[in-house]
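no FASTA, just this:
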């Protein structure tokens, strides 16, 4: 079987699994779980075979014209280079883990068949984006992911939070997709093709006449899809969906698509120094702002959501300094440990039996009850904090090293200003990342909140997936940084001495400061009495998660007590804590700038339609009605009346004629 055939099957199998799952979900429910798990596993095997055959050598290209357009052709094309081959393996790997994990997490959910089918369709769309060699075909996968995220985030559609979150995710990403689509058309008009290789050839030859506006238009779509400032606000709210969906979106699909898209078209962005500086500023604000927000969140899933936003900022920062190898390296490492973090959070939810236990200030005694989640999440948090030798250290240091390389003036692919911006923001974010990772670990596993009822051990499939993901979180970086340059652009990914010392040193300082603040707040909180703990009914995590959101439970269902005041985030942030916890009120700003003016305009249009347009319509109907009523009164049915009227009319006409004749 040729490499091209294998590559076609990689996105096709999850699509067929999704279609079969939807068709057989009601008639043959016993096939739902195999149809959910086996297609992504098969895609993983095939993606690995494609990667082995591609081997980092020349890209695999294949194409066929879909339909003649009369102008710019649209082609079903594949372009599989080292980047595409490895990212496809990541997508299939995380999707298979999520599907396997979901068989236990959502085992009693009545909507599991549709959920599993949508996850498979989501996976297929992302794989299409990864392998596509035509920008219009890539756009199809791009938009299919958007609609899948809408349905999956709103899986618990009975709850207002889930409905609002799904609608917000859809609208914010669509807000970025409009200029993105315009940018694609403008790029194709300049290049004369949507095919990726021809577009890159046109960029290299200088045939693209407007690189700056095109790059900025495309950046708007990337900011929406990859949750970068200022279109990142949808991602923390997307936590209203099931926890495995969060793992899929944050680790390997949706948000990774924007970063991957820029990596594909990086020469276009490098053709505009202004676009590279804008990309660097966007990455810097995203990194630092999201890290501060993560340090102030109480919900464990929102902490991880803001963490994803910040780590994506590292990736876009690497692209801003012209090193897509470092960006994709961090994308691969982040995909493993972020999936592990979210799925371990799902185990915590399962252990407590309610989603409201995601409030870290109310956690207690989880270390001994869920040791698998404790150890694997510890590994993932160390990787997130970039502590050597965990994978996050090598991938994050490759980003900082690339920024340092630019600041030293060793490259012409990026402006020096972009290097300084990314390096400064990256070092600050390293300190903050270690701080909120340490805070999460302390509050989740060593907190002094009320004891939640023990809901027994989680299903075996959930535990197995955690340990599977722990392996790349621990070992991927050390094994990959030497071999990946051959798959990418050949640039060295070895951590540099200066940035390694600075980054790791700041991470250690952030962790120690957080631990010291936690000890101080714990000493003060020891004198704070906690309320009594009430029993909470047992139940499956997925169902109780929806129930907890629907009933707005403050903690553990019926437990009525104050949260643990031993929160180091409050002490570390000081007056910044309140605005950081609210995401620096960006939603309020957008409401004031956009939502309220649009609502006011809609109210004005409704008033004009009701009071002005409808008035004319009612008047136009009233006049014939009045005339009809007047005519109806003359129709009495009396023959004498009709004859009298006829004679009177005749007399009137005769007099009129006589007067006219006399006047003449």
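Everything's here; your move. This structure is a prediction, so every number in the text was calculated from the model and none was measured.

now the strands: where do they sit in this protein?
For the chain, the strands defined by DSSP state E occupy 60-67, 74-80.

For the first one, give me every contacting residue.
Translated: strand 60-67. 3-4, 7, 50, 53-54, 73-81, 133-134, 195, 197 (CB atoms under 8 Å, 6 or more residues apart in numbering). C-beta coordinates here come from the backbone N, C-alpha and C atoms, glycine included.

Weed out the non-buried ones from the residues you listed.
With burial judged by 16 or more other CB atoms under 10 Å, the buried subset of these is 3, 7, 50, 54, 73-81, 133-134, 195.

nearest to residue 315, of those?
residue 81 (17.7 Å; CB to CB).

Tell me who's in contact with that closest one.
Contacts of residue 81 by CB under 8 Å, 6+ apart are 54, 59-60.

which one of the residues you listed is nearest residue 483?
Distances from residue 483 to the contacts of residue 81, taken by CB to CB, are shortest for residue 54, at 13.9 Å.

show me what contacts the nearest residue to residue 39 once chain neighbours are set aside?
Nearest residue to residue 39 in three dimensions, chain neighbours excluded: residue 17, at 3.2 Å (CB to CB, 6 or more residues apart in numbering). Listed by CB under 8 Å, 6+ apart, the contact set of residue 17 reads 35-36, 38-40, 117, 120.

In those residues, find the pair that's most separated.
The most widely separated members of these, counting by CB to CB, are 38 and 117 (13.4 Å).

These two: which is more packed in?
In this view residue 38 and residue 117 are compared by other CB atoms under 10 Å, and residue 117 has more residues nearby, 25 against 14.

can you pull the contacts of the residue nearest the centre of the chain?
Nearest to the mean C-alpha position of the chain, by CA atoms, centre = their mean, lies residue 255 at 4.6 Å. Going by CB under 8 Å, 6+ apart, residue 255 touches 225-227, 235, 249, 308, 312.

Counting only helices, which of the residues you listed make the cut?
Judged by DSSP state H, those include 225, 235, 249, 308, 312 as members of helices.

Kindly indicate which of the residues you listed lies nearest residue 167.
residue 235 (14.2 Å).

wait, what's in contact with the closest residue to that closest one other than its chain neighbours?
The spatial neighbour of residue 235 that comes closest, neighbours along the chain excluded (CB to CB, 6+ apart), is residue 227 at 4.0 Å. Neighbouring residues of residue 227 by CB under 8 Å, 6+ apart: 234-235, 255, 308-309, 312.

Per-residue pLDDT of residue 227, please?
The per-residue pLDDT reported for residue 227 equals 91.

the helices in the stretch 201-350 of the chain, which residues?
Taking DSSP state H, counting those that start in this stretch as the criterion, the stretch 201-350 of the chain contains helices spanning 211-225, 234-237, 243-251, 255-264, 266-270, 273-296, 300-320, 324-352.

so which of those comes closest to residue 427?
Closest among the helices of the stretch 201-350 of the chain, once you apply CB to CB, is helix 273-296, at 10.0 Å.

The closest one to helix 300-320, inter-axis angle?
If you take axes from the mean of the first three to the mean of the last three CA atoms, to 10 degrees, helix 273-296 sits at 160 degrees to helix 300-320.
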